[in-house]
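Visitor: Pasting the sequence and the predicted model now:
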There are 2 protein chains.
Amino acid sequence: MLDAQTADRIIAAVDERFEQQIDFTKTLVRFASLRGNEAEAQLFMAEAMSERGLVVDRWKIEIESISDHPGFSPVAVAYDEAYNVVGSYRPVKHSGRSLILNGHIDVVPTGPAARWSRPPFEPYVKAGQLYGRGAGDMKAGLAGSLFAFDAVCAAGLRPGGQIFFQSVVEEECTGNGALACLQRGYTADAALIPEPVHESLVRAQMGLLWFKMTVPGDPAHASGAYTSGVNAIERAWRIWVRLKEMEAEWNADKSSHPPYDAHAHPVRFNLGKISGGEWVSSVPAECVMEIRVGVYPDWTIAHAKQQIEARIAEAALLNPGTPAPVVTYHGFHNPGYVLKGAEEPERILRRSHQTASGAPLLELLSSASTDARILGVFGRIPSLVYGPTCTAAHGIDESVDVESVRRTTKTIALFIADWCGVYHASDDGDVI
Amino acid sequence: MLDAQTADRIIAAVDERFEQQIDFTKTLVRFASLRGNEAEAQLFMAEAMSERGLVVDRWKIEIESISDHPGFSPVAVAYDEAYNVVGSYRPVKHSGRSLILNGHIDVVPTGPAARWSRPPFEPYVKAGQLYGRGAGDMKAGLAGSLFAFDAVCAAGLRPGGQIFFQSVVEEECTGNGALACLQRGYTADAALIPEPVHESLVRAQMGLLWFKMTVPGDPAHASGAYTSGVNAIERAWRIWVRLKEMEAEWNADKSSHPPYDAHAHPVRFNLGKISGGEWVSSVPAECVMEIRVGVYPDWTIAHAKQQIEARIAEAALLNPGTPAPVVTYHGFHNPGYVLKGAEEPERILRRSHQTASGAPLLELLSSASTDARILGVFGRIPSLVYGPTCTAAHGIDESVDVESVRRTTKTIALFIADWCGVYHASDDGDVI
């Protein structure tokens, strides 16, 4: 446990660097690190780690190196530019526990840029909020981890355990970036992921499944009235309605799936993409829906898939003469994660949060998912998710609360020092 | 009126050339003359006209030459390859009435080619049906006009009036191809369009409107459950449901719109295309629907647009905080057409059909539309639509009934001779 004076020094060191931290975060936001376009931002992260004396490991993810792993999610995009970056801190004096500080560099698309108050990749601070795509999800956290480490060092201390700063790709569609870190051998006694979760600790997160449903119709001339043709778009919609009913059924059963009995609406099906038809005056021959499904952590993905496929097949029978829909999986394909057996890191996080923010640490059950799912389930690393308050993640005018970033950075700095232990920098000369 | 012997000679001449006619039609089907890709097929048509001694006019449609015309439909595609072809027959002895034989070269997309029994642009005859995209709609008719003319000539006769063989583009999306013929100065005492209408005469056809509806949502993280975000796809669907209600209301009011009081379901709204969303785990920010609407012939397009826009605006209020949908027009934009004041060509068509097929000519009210709308409404040319029996126009395994093609070609040949009048080929030497 840190003494009060040490904690104060660390906290003060966060404050001293905070303006610089926000500038660094803004620089990160300026990289439009959409899926497939993360490489430049990852070079910047590698440079930032290198400047801190970390040993930098930057590698391109090879699908074949992870595709046999049970945590692998099927991939529908190219990995030509999918670089992970890990910066390793290795103490001269190994006195404490090791830690992974994981974050993702990828951001989701912006929607129509014209609807943003300012261009989504031109960050700015207004009324205490830092705006920009990825500002909250999760570049503030990614930057915060490095600056928390900086603060510990600036306080004249060095962590006593190894720390692996992971900047990964693919968090927003598969988790294969975090998986590739596991496969490369990175592990630790605990992990912390500063996702934007309102300064709370995530107790549980849902499993995630993406699927693509290709629904055939029976094309015909648009003038055929109701006498001919099966509109593939309308048919897909009828199936979607049945899937929404299943979402309601799954939610109604939440009492069988603690801890989600305490959540208002744990299961969320999202119709995220649609395309169909090729000629306005033809009854459409095909419609493709892409759907995101939340899965209870006590279910296997296989179980969820079975239910989904059965419901689609049943709904498709409304048009018995038309070919059956085809379901494929092209993204998230992982079970959920409930944080258990992590009493010690939890205790330290709780204490760090109380010291940094003056308030008790709240917990939350998430209807979303994070890479803690990968590190926790497949790496068996107790994985804490804790980070700042964000507004409109995946939305228009996404922003992160600047003072919340400050508080959570302090918490993470204290957590590093408390979990890994610290020794005086003067004891080992010039490690960093 | 043709004497029986002349009619018999013409009919026999159709039979003599019929195998060649089907071969020619197959050749036409082999051109995948989808929108934007008609130029090669049009060169073939120009060649076929030239071989018949017709004066060939082939020109690229310039949008600016027709865009001020009240019959112009807005265009969303390039006209770089949009060539019309008109072959003119000019008699040495002007003894009769002039005629336009109009048909379109463009075909609609095929849908998934794998669902066709054979590739859609590899025509074949099986069990009396000629299969292939465009076989019925309307390459059989386009070929039939030329072979009908051939039969008249082969019978030792020459038509006494000018005939303009028009092979136009853009029938399937705007009608601007036929409009460009009008604008270029082509007119006649009557027009006949051998669209595949089951060997009937089209008494009336609907107006047509295409519109594109861009529906904004409020993007959010997919995990937001029902607490945040407005899914643009679901919002668009709610509007579509209201538009379908309007379709039902318009149909319910058909008694106010004779002759459509006699039609089962005159108004057809078709949701022909949809696209929306950009990330499976984001609540979609935008959805675009492209819709085809049938409009009563006694309505102006402006009136239809007003009703559509009002219904969309009303339905959009279900999400008052989200930006309003935007409606644009990008295709068909024409009123309907009721065949009137065409007693004389109708009488001749009726007689020709009776002679060729031994059955009385039936009439139909179409929930579709053809270029007769352009020639009839804007060119004030009495425009008859009459052609063979087609199955699955715009569908999978489109086909045309071969014997129906034979019968309607005979009818058209007799119609040419009867409407334009004929003189003996020997009277003018070698005109053709």
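Guide: Received the coordinates, thanks. All figures in this text were calculated on a predicted structure; none of them were measured in a lab. Numbers count the residues shown, from 1 in each chain, chains lettered A, B, ... in the order given.

Visitor: so what's residue A:145 up against?
Guide: If a contact means Cβ atoms under 8 Å, 6 or more residues apart in numbering or on different chains, then residue A:145 has A:101, A:103, A:165, A:192, A:194, A:412 as its contacts. Quick note: C-beta positions are derived from backbone N, CA and C, even for glycine.

Visitor: Pretty sure residue A:166 is one of the things the first one touches, is it not?
Guide: Yes. Using Cβ atoms under 8 Å, residue A:101 is in contact with residue A:166, at 6.9 Å.

Visitor: In the stretch 201-350 of chain A, what residue spans correspond to strands?
Guide: Here the stretch 201-350 of chain A has its strands, by DSSP state E, counting those that start in this stretch, at A:201-205, A:207-216, A:269-276, A:286-295, A:326-334, A:337-338.

Visitor: would a markdown table of these with distance to chain B, mean pLDDT and mean neighbour count be doable?
Guide: Shown next, in a markdown table, are the strands of the stretch 201-350 of chain A (distance: least, Cβ to the nearest Cβ, whole Å; pLDDT from 0 to 100; neighbours: other Cβ atoms under 10 Å in any protein chain shown):
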| stretch | distance to chain B | mean pLDDT | mean neighbour count |
| --- | --- | --- | --- |
| strand A:201-205 | 9 | 98 | 23 |
| strand A:207-216 | 5 | 98 | 24 |
| strand A:269-276 | 4 | 98 | 24 |
| strand A:286-295 | 5 | 98 | 25 |
| strand A:326-334 | 6 | 97 | 19 |
| strand A:337-338 | 14 | 98 | 21 |
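
Visitor: Looking at the ones you listed, which is nearest to residue B:142?
Guide: Smallest distance to residue B:142 across these (Cβ to Cβ): 28.5 Å, for strand A:286-295.

Visitor: tell me, which of the contacts of residue A:145 make contact with chain B?
Guide: Checked against chain B using Cβ under 8 Å from any Cβ of the partner chain, the contacts of residue A:145 yield no neighbours at all.

Visitor: Using JSON lines, lay out those residues together with secondary structure.
Guide: Rendered in JSON lines, the data for the contacts of residue A:145 read as follows (DSSP: H, G, I helix; E, B strand; the rest coil):
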{"residue": "A:101", "secondary structure": "strand"}
{"residue": "A:103", "secondary structure": "strand"}
{"residue": "A:165", "secondary structure": "strand"}
{"residue": "A:192", "secondary structure": "strand"}
{"residue": "A:194", "secondary structure": "coil"}
{"residue": "A:412", "secondary structure": "helix"}
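
Visitor: Can I get those in TSV including pLDDT and distance to residue A:330?
Guide: Rendered in TSV, the data for the contacts of residue A:145 read as follows (pLDDT from 0 to 100; distance: Cβ to Cβ, whole Å):
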residue	pLDDT	distance to residue A:330
A:101	98	30
A:103	98	24
A:165	98	30
A:192	98	30
A:194	98	28
A:412	98	34
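
Visitor: How many neighbouring residues does residue A:361 have?
Guide: 17 (other Cβ atoms under 10 Å in any protein chain shown).

Visitor: Help me confirm that it is found in a helix?
Guide: No. Using three-state DSSP, the assignment for residue A:361 is coil, not a helix.

Visitor: So it is in contact with residue A:347, correct?
Guide: No. The pair formed by residue A:361 and residue A:347 falls short of the contact definition of Cβ under 8 Å, at 10.1 Å.

Visitor: Determine the longest helix present in chain A.
Guide: When secondary structure is assigned using DSSP state H, the longest helix within chain A turns out to be helix A:4-30.

Visitor: Run through the residues of the stretch 251-400 of chain A sitting next to chain B.
Guide: Counting by Cβ under 8 Å from any Cβ, the residues of the stretch 251-400 of chain A near chain B are A:264-265, A:268, A:270-287, A:290-292, A:294, A:323, A:331-332, A:366-369, A:392-396.

Visitor: How about the stretch 51-200 of chain A?
Guide: The interface of the stretch 51-200 of chain A toward chain B, taken as Cβ under 8 Å from any Cβ, is made up of A:108-109, A:111-112, A:115, A:137, A:172-173.
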